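Student: sequence first, predicted coordinates after that:
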Amino acid sequence: MIARLFSPGKGKAWARTLALGGTIAATLFLMWQSDEPPGSQEKAKELRGPAEPDGFIIQADYRTWDAQGNPKIRMTSPRIEQFESNNLAAMEQPRATLHGEGDPVPWNIEADQGSLLQNDGLVNLNGNVVIQRQFQGSDTTFKTDELTLNNTEGTVYTDQPVTITEPHGTTKATGMKAWLDDRILELNSQVEGHYDPIR
Amino acid sequence: AAFTLDSDEPIKVSANSARLDDSAGTAIYTGAVELVQGNVKLDAERVVLYRSPQGLSRIEASGSPAVYSQPSQDQTAVINAEALNITWSAKDSQLTFEREALIEQGGSTFRGDIIHYDTVNRVVTAEGGSSEGTNSGRVEMVIQPRSSGQ
């Protein structure tokens, strides 16, 4: 059928028809455009935001599951902006729940800002970063100012000061790396632990 | 009193680095480790703290040597002790000094391969260990005589 469309004789008639149709459509579009109220352009620009992302989501709720259908990550944010050029998603006040492999107890993470680098499977969190976890009925809380989550490796790490609060003590250090699935955490330097006596 | 988790004093640890293993319930501190409870002090190269839901249950320190010091209190003289391994167990309320162990208190010294110090009853028991050990498998005690004026 495509061959007939491009055969010499019949081709000219088709071409004229197509051109005519295109002209009519363009005219109608221009007429429709001119009717649009000027304010809506402004509103659209405002909604898009100064960074002019390629796409944006309001009240975002991003979830992933593993092959068996178990929840793996849930990330919510009042606003996520998507930038095609570097495949980056910038998040306002991200709130995440991460489920470690075969670990029923999730890690809850929150921060002021976050950015998801989809190509590298990395999430960078900045400002009041808090990781919280309940284990055997007791709370463990990590606080720092910057944190990177490596979704591929299942690790979180920072070179900033970190404070870890547990029911029986507090530990401070500079620099940390944690393996979520193995529930192991390494503190890089200037470690200070404070353990309360058994009550 | 010596290390005792019954006291109201918190235990403070400082070190170059640490590794916390949530599932094993351990915290391993390495590099210039200093562990303090009140004015009792333990200096070592590596300290492993065993943590249960109730809190700390065991401390294992190693160094070359690890050094333990406890100031004088209620008429007991200052205690300075050292060994390649020092272990504190909450269950037994016992400090164990192993390998090249030495305890000094009020001029008296105890030397042996293994020295146990019962922190509740303040009893020291020493073992010589096998004869191939560095101190020929014997225990050595030097007890300072009381001066006649006392």
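Tutor: Structure received.
Student: from here on, contacts and neighbour counts on C-alpha atoms
Tutor: OK.
Student: please list the residues of chain A that sit near chain B.
Tutor: Within reach of chain B by CA under 8 Å from any CA of the partner chain, chain A has these residues: A:136, A:168, A:182-199.
Student: in strands, which of those residues fall?
Tutor: Cross-referencing those with the strands (criterion: DSSP state E) gives A:184-195 as the overlap.
Student: helix or strand: which one has the nearest residue to A:F135 once chain neighbours are set aside?
Tutor: If the residues on either side of it in the chain are set aside, A:F135 comes closest to A:V105, at 6.7 Å by CA to CA, 6 or more residues apart in numbering or on different chains. Taking DSSP states H and E as the definition, one finds A:V105 inside no helix or strand.
Student: tally up the residues packed near A:V105, please.
Tutor: Neighbour count of A:V105, defined by other CA atoms under 10 Å in any protein chain shown: 13.
Student: ok, now B:G107?
Tutor: Counted with other CA under 10 Å, the neighbours of B:G107 add up to 12.
Student: that one against B:M141, yeah?
Tutor: No. Here B:G107 lies out of contact with B:M141, judged by CA atoms under 8 Å, at a distance of 10.9 Å.
Student: where along chain A do the helices fall?
Tutor: Applying DSSP state H to chain A gives helices spanning A:2-5, A:8-35, A:38-48.
Student: quick one: name the residues of chain B near chain A.
Tutor: Neighbours of chain A within chain B, by CA under 8 Å from any CA: B:5-23, B:53-56.
Student: so where's chain B shaky on pLDDT?
Tutor: B:1-7, B:129-137, B:144-150 (pLDDT under 70).
Student: do that again at 50, thanks
Tutor: Per-residue confidence of chain B (counting by pLDDT under 50) places the weak regions at B:5, B:133, B:135, B:150.
Student: for chain A, same thing?
Tutor: The low-confidence ranges in chain A, as defined by pLDDT under 50, are A:1-8, A:10, A:199.
Student: find the centremost residue of it, please.
Tutor: Among the residues of chain A, the smallest C-alpha distance to the mean C-alpha position (CA atoms, centre = their mean) belongs to A:L116, namely 4.4 Å.
Student: so what's that one up against?
Tutor: A:L116 sits next to A:88-91, A:122-124 when contact means CA atoms under 8 Å, 6 or more residues apart in numbering or on different chains.
Student: dump those to JSON lines, plus neighbour count.
Tutor: Below are these laid out as JSON lines (neighbours: other CA atoms under 10 Å in any protein chain shown):
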{"residue": "A:L88", "neighbour count": "20"}
{"residue": "A:A89", "neighbour count": "20"}
{"residue": "A:A90", "neighbour count": "22"}
{"residue": "A:M91", "neighbour count": "27"}
{"residue": "A:L122", "neighbour count": "19"}
{"residue": "A:V123", "neighbour count": "20"}
{"residue": "A:N124", "neighbour count": "20"}
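Student: skip the chain neighbours and tell me the closest residue to B:L102.
Tutor: Excluding the flanking residues, the one nearest B:L102 by CA to CA, 6+ apart is B:R111, at 4.5 Å.
Student: burial count for the one you found?
Tutor: Residue neighbour count, defined by other CA under 10 Å, stands at 24 for B:R111.
Student: just the C-alphas of the helix or strand encompassing it, formatted as CSV.
Tutor: Here B:R111 is covered by strand B:108-118, with elements defined by DSSP H and E. Below are the C-alpha coordinates for strand B:108-118, written out as CSV (Å, rounded to 0.1, in the frame of the first residue of the first chain):
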residue,chain,number,x,y,z
SER,B,108,51.9,-5.1,95.2
THR,B,109,52.0,-6.8,91.8
PHE,B,110,50.4,-9.9,90.4
ARG,B,111,51.9,-11.3,87.1
GLY,B,112,50.6,-14.3,85.2
ASP,B,113,49.2,-15.5,82.0
ILE,B,114,45.6,-15.1,83.1
ILE,B,115,44.4,-12.9,86.0
HIS,B,116,40.7,-12.7,87.0
TYR,B,117,39.4,-9.7,89.0
ASP,B,118,36.0,-10.1,90.6
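Student: rewinding a little: so what's the residue nearest to B:L102 up against?
Tutor: With contacts taken as CA under 8 Å, 6+ apart, B:R111 has the following neighbours: B:100-103, B:126, B:139-141.
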